[in-house]
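# have a look at this prediction, sequence included:
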Amino acid sequence: MNPVRVRFAPSPTGPLHIGGLRTALYNYLYAKNKGGAFILRVEDTDQNRYVEGAEDYIREALNWAGLKLDEGPDVGGDYGPYRQSERRKIYQSHIQTLIDNGQAYYAFDSAAEIENMRTQLEQKGVHSPKYNFETRMQMRNSITLSDAEVKTLMDASAAYTIRLRVEPQQEIGFEDIIRGRVVFNSSELDDKVLMKSDGLPTYHLANVIDDHEMKISHVIRGEEWLSSTAHHVLLYRAFGWESSMPKFAHLPLILKPTGKGKLSKRDGQKMGIPVFPIQWNGSDEMFGGFREMGFLPEAVVNFLAFLGWNPGSDQEIFTLEELMKAFKLTDVSKGGARFDFEKAKWFNQQYILTSDASILVEELKKQLKEVNIERSEDFLNAYVELFRPRIERLADLFEAGKYFFQKVDQYNNKMIRKKWKENGIITYNFITENLAQVSQWNAANCKSVIEDGIAACDSSFGEVLPLLRLALSGDVKGPDLFDTMKCMGKLFVIDRLKSAPNVFDQLIAES
RNA sequence: GCUCCGUUCGUAUAAAGGCAGUACACCUGACUUUCUAUCAGGAAACACGGGUUCGAUUCCCGUACGGAGUACCA
């Protein structure tokens, strides 16, 4: 049995979207499940679409998600280089064998000539005509031209491409790990360009040569590649590599949250949801990422793993390690999976609930730094525990309890009017005075002072607690009131309780 | 158009030739001073038509619908 070697092969044409990350994840999980290697190969054969920074982005996104590379452009490995633009010589030598044995041919047709052929045939009623076994006979290529003519063109450095010679009526079948047997007839296929006129290979050629050269055992990629796999199989045959051809697994696509079609980067902007793992700052466009939206990488990985895969049990929360152990390609579903942001948020919340306090504290510190606030470790730890169960994104950590750090910016007027009434006022003032007398602060004695005050004034929790809460936070919701007071500290609480009545009176007078 | 792939609650999915389960979202209740979290409960699905079968949501064939591909892009 050959060792398992899988590759993630993105092209650096922009930020990697969440579907790409999932492909990388499944590759990673499969490799690690089998004790194999996870390889990054950069498919940068299209010079026109190359985008500066995209390769770094891909690396950073993989790194954020915790997918460690065994081989790749900057980690190295025995099968490099791992950037296709650096492998030209390899492609050129291999394409020559195809030319020599007649499996590929030179084509000198210009774009206009090909276009012309197409429109002519369309006028005759042929639907989407191809450059194939029929039409190539009327084009200018090394099959129709004499050797002398070809030589003349070559000597004059005429532009040419190299095309695969696809013979009709061959059955091309392969076993897809997810979908079972898939069969194509070669008569449907066109003579794919293998080498472009700029001397660089197309995806199909580079892909097959690299997978072979890098001893890739399994090709795990998106469903959009399923159709072209027929061409790839043909190429393996042409090279005589069919017996060692990798196994294929074509993943279902990730669909738009609503409406039709696959998820696109536009969906993110349109619906205010992240479609990218981390933020992308392109020269002309910017996209937000899960990371910046306050998602933990473990949550995103867990969410993504479940978009098209399921362990067959009821367990949903999985560490990367656990995913690795449980993952099977045969458990991947066939149908496209709709992107569900609600579920993503739920996963995130689950991870926030159980994540290490230090992670939350660090994140909070970052947010506080932006507004020039500093607090003790003890305070931050207490705060984080208070708000951990009531946020679904890290980014909300500060916002959720802003009133702990700065003046209340918004009072709930409606509740003030409802609660700031005679008996409540008396009890409130009574409790405030008594609290100021307490020398040692903890949740227990705040609580007993308040309880005693309520009893002494013949009041009730429902009458007074909302008032205390309004005074401290401006609203009637939030963490447990006594824990809130303990975390805020005595001076802070007393100050806010004493100044609040004026604010209340004023707000009521204004309304 | 053609080729290939697919279709189970709103969403992600499970299982089995014989009761369609779980999670998110939704609704109700419990716990709380409140908002969360948590717990308990509820509503909600086999696209359609044939065939095989004692029995089909499951296997087969059609139809519909959805998706991908159909470039000197990957």
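Looks like it arrived, so ask away. This is a predicted model, so every value here is computed, not measured.
# contacts, neighbours, all on C-alpha from now
Noted.
# in the stretch 151-300 of chain A, where is pLDDT below threshold?
Of all residues in the stretch 151-300 of chain A, none has pLDDT under 70.
# which bits of it sit near RNA strand B?
A:159-161, A:179-185, A:188, A:192-193, A:195-198, A:201-204, A:223-228, A:253, A:260-262 (CA under 7 Å from any atom of the strand).
# what about 6 Å?
A:160-161, A:179, A:182-184, A:193, A:196-198, A:202-203, A:223-228, A:260-262 (CA under 6 Å from any atom of the strand).
# mind jotting down where the strands sit in the stretch 51-200 of chain A?
Listed in chain order, the strands of the stretch 51-200 of chain A (DSSP state E, counting those that start in this stretch) span A:104-107, A:161-164, A:171-176, A:180-185, A:193-195.
# export those to CSV and tack on mean neighbour count?
Output for the strands of the stretch 51-200 of chain A, formatted as CSV (neighbours: other CA atoms under 10 Å):
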stretch, mean neighbour count
strand A:104-107, 24
strand A:161-164, 24
strand A:171-176, 15
strand A:180-185, 13
strand A:193-195, 23
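# is RNA strand B within reach of the helix or strand hosting residue A:6?
Using DSSP states H and E, residue A:6 falls within strand A:5-8. No. Applying CA under 6 Å from any atom of the strand, one finds strand A:5-8 separated from RNA strand B by no less than 10.5 Å.
# going through the residues of the stretch 151-300 of chain A next to RNA strand B, which ones are buried?
If you count burial by 16 or more other CA atoms under 10 Å, the buried members of these come out as A:160-161, A:179, A:184, A:193, A:196, A:202-203, A:223, A:226, A:262.
# ok, which pair from those is furthest apart?
A:160 and A:179 (37.6 Å; CA to CA).
# helices or strands up against the helix ranked longest in chain A?
Longest helix in chain A, counting residues (DSSP state H): helix A:490-510. On a contact count with 3 or more CA pairs under 8 Å, 6 or more residues apart in numbering; DSSP states H and E, helix A:490-510 meets helix A:413-419, helix A:422-437, helix A:461-473.
# just those helices: most buried one?
By mean neighbour count, with neighbours taken as mean count of other CA atoms under 10 Å, helix A:461-473 ranks first of the helices and strands packed on helix A:490-510 at a mean of 21.
# who does the helix or strand that that helix is followed by touch, helix- and strand-wise?
Note on helix A:461-473: by DSSP H and E, the next helix or strand toward the C-terminus is helix A:481-488. Packed against helix A:481-488 by the contact rule (3+ CA pairs under 8 Å, 6+ apart) you find helix A:377-387, helix A:443-456.
# save these as TSV, and put in distance to RNA strand B too.
Formatted as TSV, the helices and strands packed on helix A:481-488 follow (distance: least, CA to the nearest atom of the strand, whole Å):
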stretch	distance to RNA strand B
helix A:377-387	7
helix A:443-456	9
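# mean pLDDT lowest for which of those helices?
Comparing mean pLDDT across the helices and strands packed on helix A:481-488, the weakest is helix A:443-456, with a mean of 89.
# so it versus helix A:490-510, what angle?
40 degrees (axes from the mean of the first three to the mean of the last three CA atoms, to 10 degrees).
# so where do the helices sit in the stretch 201-350 of chain A?
A:203-213, A:229-239, A:265-271, A:297-305, A:320-326, A:341-354 (DSSP state H, counting those that start in this stretch).
# buried deepest among these, which one?
Highest mean neighbour count among the helices of the stretch 201-350 of chain A (mean count of other CA under 10 Å): helix A:297-305, a mean of 23.
# which residues sit against that helix?
Residues from elsewhere that reach helix A:297-305 (CA atoms under 8 Å, 6 or more residues apart in numbering): A:18, A:22, A:25-26, A:64-66, A:290-291, A:317-320, A:323, A:343-344, A:347-348, A:350-351.
# let's go with 6 Å and repeat that
A:22, A:65, A:344, A:347-348 (CA atoms under 6 Å, 6 or more residues apart in numbering).
# thinking again about what came up before, quick one: contacts of the strand holding residue A:6?
Contacts for strand A:5-8 (CA under 6 Å, 6+ apart): A:24, A:36-40, A:216-218.
# who wins on neighbours among these?
residue A:39 (28 neighbours; other CA atoms under 10 Å).
# just how off-centre is the helix or strand harbouring that one within its chain?
In the assignment (DSSP H and E), residue A:39 maps to strand A:37-40. With CA atoms, centre = their mean, to the nearest Å as the basis, strand A:37-40 stands 18 Å off its chain's centre.
# got it, and stretch A:232-250?
With CA atoms, centre = their mean as the basis, stretch A:232-250 stands 30 Å off its chain's centre.
# my guess is residue A:107 contacts residue A:143. True?
No. Look at residue A:107 against residue A:143 with CA atoms under 6 Å: they stay out of range, at 8.6 Å.
# distance to residue A:357 for the contacts of helix A:297-305 - can I get that in JSON lines?
Conversion of the contacts of helix A:297-305 to JSON lines gives the following (distance: CA to CA, whole Å):
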{"residue": "A:22", "distance to residue A:357": "28"}
{"residue": "A:65", "distance to residue A:357": "20"}
{"residue": "A:344", "distance to residue A:357": "21"}
{"residue": "A:347", "distance to residue A:357": "17"}
{"residue": "A:348", "distance to residue A:357": "15"}
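# from the residues you listed, pick the one nearest residue A:381.
Set against residue A:381, the nearest of the contacts of helix A:297-305 by CA to CA is residue A:348 (19.7 Å).
# quick one: the closest residue to the closest one other than its chain neighbours from RNA strand B, how far?
Among residues not flanking residue A:348 along the chain, residue A:299 sits closest, at 5.0 Å (CA to CA, 6 or more residues apart in numbering). The spacing between residue A:299 and RNA strand B, counted by CA to the nearest atom of the strand, to the nearest Å, is 13 Å.
# for residue A:21, same thing?
Where RNA strand B is concerned, residue A:21 sits at a distance of 14 Å (CA to the nearest atom of the strand).
# okay, now that residue: neighbour count?
24.
# secondary structure element for it?
Short version, using DSSP H and E: residue A:21 is in helix A:18-33.
# who does that helix touch, helix- and strand-wise?
helix A:320-326 (3 or more CA pairs under 6 Å, 6 or more residues apart in numbering; DSSP states H and E).
# which residues touch the nearest residue to residue A:482 once chain neighbours are set aside?
Excluding the flanking residues, the one nearest residue A:482 by CA to CA, 6+ apart is residue A:443, at 5.2 Å. Counting by CA under 6 Å, 6+ apart, residue A:443 touches A:482-483, A:486.
# how close does residue A:443 sit to residue A:173?
Distance, residue A:443 to residue A:173, using CA to CA, to the nearest Å: 71 Å.
# equivalent analysis for residue A:231, please.
11 Å.
# residue A:296 now?
Counting by CA to CA, the gap from residue A:296 to residue A:173 is 42 Å.
# one more: residue A:427?
Taking CA to CA, one finds residue A:427 at 83 Å from residue A:173.
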